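Asker: fold the following for me, if possible:
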Amino acid sequence: MPYRDEKAGLSVAALMLIFAAMGFALRADFWMTVEKLDVQDVTQGEPILIDYSRTIRRPFTADWRVKVRRFTDDGLEWVCATPISREDYDAKSRLPRPVTLEWFAWTDPRCYDLQPGRYEIAATWEINPDGLASILFRRTARHTDTFTIRPAP
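Answerer: Sure thing, here's the model as predicted:
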């Protein structure tokens with residue numbers, strides 16, 4: 001028959017296991033859902049507009065990154081990328097109107113003046129709901145889109 005302290009130890013271990021299992025069961029959209037990430041085709045020199053909408057369901061911290069690559073004859077060529085940046089999100093967070101690539105990838109000016117061609121954008125959020133880079137609770141939300149920059153007339 002287990003002693004009282006053994007029962008307490010087993011109870012704590014069981015609760016920790018349940019807590020960890022709940023963390024694994026929750027997907028990224030428990031915290032945030034990106035409904036739309038659609039980069040508009042534009043003529044070179046025009047602002048690159050993004051039809052972007054998201055719903056923040058509860059506060060969280062995330063590491064985010066935006067990458068832009070250009071299609072070439074033999075694959076994708078890296079053009080620009082933001083460094084991994086940490087941001088706190090909550091229901092009061094608002095998007096600018098309009099959302100532009102300059103705002104979305106604000107830390108890399110190479111993303112603001114793209115040459116004519118076809119591109120792919122990838123946005124990634126590593127959601128850390130506990131505010132730490134915890135492997136147990138980290139969830140990834142990744143969205144991609146393609147767009148074209150037409151030559152100026």
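
Asker: what segments of this protein are helices?
Answerer: 4-25, 101-104 (DSSP state H).

Asker: which of those has the lowest mean pLDDT?
Answerer: Ranked by mean pLDDT, the helices of the chain end with helix 4-25 at the bottom, a mean of 54.

Asker: contacting residues for D41?
Answerer: 147-150 (C-beta atoms under 8 Å, 6 or more residues apart in numbering). Bear in mind the C-beta positions are built from the backbone N, C-alpha and C, glycine included.

Asker: farthest-separated two in those residues?
Answerer: F147 and R150 (10.4 Å; C-beta to C-beta).

Asker: quick one: the residue nearest the centre of the chain from D145, how far?
Answerer: Nearest residue to the geometric centre of the chain (C-alpha atoms, centre = their mean): W125, 2.4 Å. Look at W125 and D145: by C-beta to C-beta, to the nearest Å, they are 15 Å apart.

Asker: ok, I127 next?
Answerer: Counting by C-beta to C-beta - I127 and D145 are separated by 20 Å.

Asker: who has more neighbours out of the two?
Answerer: I127 (22 against 17; other C-beta atoms under 10 Å).

Asker: and that one, what are its bridge partners?
Answerer: A62, R139 (DSSP bridges).

Asker: what's around T43, how many residues?
Answerer: 12.

Asker: spit out the contact partners of it.
Answerer: 149-153.

Asker: mind giving me TSV with the residues you listed and columns for pLDDT?
Answerer: Converted to TSV, the contacts of T43 look like this (pLDDT from 0 to 100):
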residue	pLDDT
I149	97
R150	98
P151	97
A152	93
P153	89
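
Asker: put the buried members of the residues you listed into a PyMOL selection.
Answerer: Command for PyMOL that selects the buried part of the contacts of T43, burial taken from 16 or more other C-beta atoms under 10 Å:
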select buried, resi 149
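
Asker: so where do the strands sit in this protein?
Answerer: 32-39, 42-43, 50-56, 60-72, 75-81, 85-89, 117-128, 139-150 (DSSP state E).

Asker: now render these as CSV, adding distance to C111.
Answerer: Converted to CSV, the strands of the chain look like this (distance: least, C-beta to C-beta, whole Å):
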stretch, distance to C111
strand 32-39, 11
strand 42-43, 13
strand 50-56, 11
strand 60-72, 5
strand 75-81, 4
strand 85-89, 14
strand 117-128, 9
strand 139-150, 11
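
Asker: good, we can wrap up now.
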